[in-house]
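[1] test case, fold it:
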Amino acid sequence: MMNSGVVFAILAGAIWGGVIIGPSLLPEFNAVLISSVRFALYGMISLLVALPFASRLLSRLTRRDVWMLLRLSLTGNVLNYALLGASVQLSGVTAAALINGMMPVAITFLGRSDAGSLPLTRLKLPLLLVFLGIVSVSLEHTGVQVESTSLSSRLLGLACGFSAVACWSWYATHNARYLKQSHFNSSEWSTLTGIVTGIVAIVFGIAALMLFPNLVPSEVESSRWTTFLWVCLFLALCGSWLANGLWNACSRRMPASLSGQMIVFETLFACVYGFLFSQRMPGLMEVVSIVLLVGGVVWAAKRHRIMPVKQAEPCE
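    Below is the predicted model:
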């Protein structure tokens, strides 16, 4: 069961590796606008998928489910990607990727009390390898740089990056806990999350437009709007609907202290895509970084296989 969870995590990471560069492809568009449109489209896709069995899903939905879905949708999807996009645009892909790499440590810490999780003292060495690998990859990977060199902009971007890590780490931990005891399977829960996320994204976008009327750029060529819509559609279909379903399947099959580290595959695939795009082989430092990342995750997985299982705390 854990092996299949690793496969689902790899597939999700393969998709998410390309998602982080989305905001850098659309520098003239505000990150809040990108996030709102992406997740509104995600909601539409999820609603279309749910139509054949909508009545069955709604009949099983409880008030507690709706409350959790609202929190997960706002924190882990709409707000998280708006903050990540702002971090990419303000401080650059490299800095954003470095901060985003803190998620395995944050998720492992938040999920330390879950069933099947190891104490942090048993994971400090594997986590250290993962941390060193992510730092090395992020420093080595140049990515797309922002034009602005303003110190205040970069500091704001760093703050947005850390806030995005906090949002998604909370989402990953609480989503995994709730999903393990939920009466919905991974696909159904992903579909419900998508529908609620679409509603939240529309409300979030309208509120942002009311507060900041200049959120939509006025002097943008029509071809760039076409690119904007295609990028948002890819982010919605692959980066949200498909990847979220894969991650939910991963979360069902392994403890949070291990599933949190699976997010390193996002960093690994981002590097692979960079090598393919630049048509070159990885350098020595990049190979060392990848070995550290993979070694840390494999080491943690082996420790989970031989541990005693403890009871989880009740979900909030």
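[2] quick one: stretch 159-166 to chain centroid distance?
    Stretch 159-166 sits 12 Å away from the centroid of its parent chain (CA atoms, centre = their mean, to the nearest Å).
[3] what's the span of stretch 73-89, first residue to last?
    23 Å (CA to CA, to the nearest Å).
[4] actually stretch 44-56, not the one I typed
    Where stretch 44-56 begins and where it ends lie 19 Å apart, using CA to CA.
[5] I'd like the distance between Val200 and Leu125.
    39 Å (CB to CB, to the nearest Å). Just so you know, the C-beta spots here come from the backbone N, C-alpha and C atoms, and that holds for glycine as well.
[6] neighbour count winner among the two?
    Val200 (24 against 13; other CB atoms under 10 Å).
[7] which secondary structure element contains the more buried one?
    Element membership for Val200 (DSSP states H and E) is helix 186-211.
[8] and what of Phe184?
    Going by DSSP H and E, Phe184 is not in any helix or strand.
[9] next one: phi and psi at it?
    Reported as degrees, to the nearest 10, the phi and psi values for Phe184 are phi -100, psi 150.
[10] returning to that earlier point: the helix holding Val200: which residues count as buried?
    186, 188-202, 204-205, 208 (16 or more other CB atoms under 10 Å).
[11] next SSE after the helix or strand of the chain with the lowest mean pLDDT?
    Within the chain, confidence by mean pLDDT, DSSP states H and E is lowest for helix 256-259 among all helices and strands, at a mean of 64. Going down the chain from helix 256-259, the next helix or strand is helix 264-278, by DSSP H and E.
[12] tell me the mean pLDDT over that following helix?
    The pLDDT scores in helix 264-278 average 72.
[13] likewise stretch 177-191?
    The average pLDDT for stretch 177-191 rounds to 83.
[14] can you give me the end-to-end distance of that stretch?
    Counting by CA to CA, the terminal residues of stretch 177-191 are separated by 18 Å.
[15] pLDDT below threshold where in the stretch 101-250 of the chain?
    For the stretch 101-250 of the chain, the stretches flagged by pLDDT under 70 are 101, 108, 111-123, 134, 137-151.
[16] ok, which stretches of it are strands?
    Assigned strands in the stretch 101-250 of the chain: none (criterion: DSSP state E, counting those that start in this stretch).
[17] pull the longest helix from this structure.
    Longest helix of the chain, by residue count under DSSP state H: helix 151-180.
[18] any buried residues in that one, and which?
    For helix 151-180, using 16+ other CB under 10 Å, the buried residues are 154, 157-161, 163-180.
[19] same check, this time on stretch 31-46
    Under the neighbour-count criterion of 16+ other CB under 10 Å, stretch 31-46 has 31-43, 45-46 buried.
[20] in helices only, show me these.
    31-43, 45-46.
[21] pLDDT (mean, whole number) over the helix or strand harbouring Ser289?
    Per DSSP H and E, Ser289 falls inside helix 284-305. Computed over helix 284-305, the mean pLDDT rounds to 71.
[22] same question for stretch 37-57.
    For stretch 37-57, the mean pLDDT works out to 91.
[23] which residues touch that stretch?
    For stretch 37-57, the surrounding residues in contact (CB atoms under 8 Å, 6 or more residues apart in numbering) are 22, 73, 77-78, 81, 184, 188, 190-202, 205, 228-229, 232-233, 235-237, 239-241.
[24] the nearest residue to Val220 once chain neighbours are set aside is in what secondary structure piece?
    For Val220, ignoring the flanking residues on the chain, the nearest one in space by CB to CB, 6 or more residues apart in numbering is Glu28 at 5.8 Å. Per DSSP H and E: Glu28 is located in neither a helix nor a strand.
[25] pretty sure Glu28 sits against Arg224.
    Yes - with contact defined as CB atoms under 8 Å, Glu28 counts as touching Arg224 (6.6 Å).
[26] higher neighbour count, those two?
    When Glu28 and Arg224 are compared on other CB under 10 Å, the one with more neighbours turns out to be Arg224, at 14 against 11.
[27] so who does the more buried one touch?
    Leu26, Glu28.
[28] any idea how far it is from Pro217?
    From Arg224 to Pro217 the distance is 9 Å (CB to CB).
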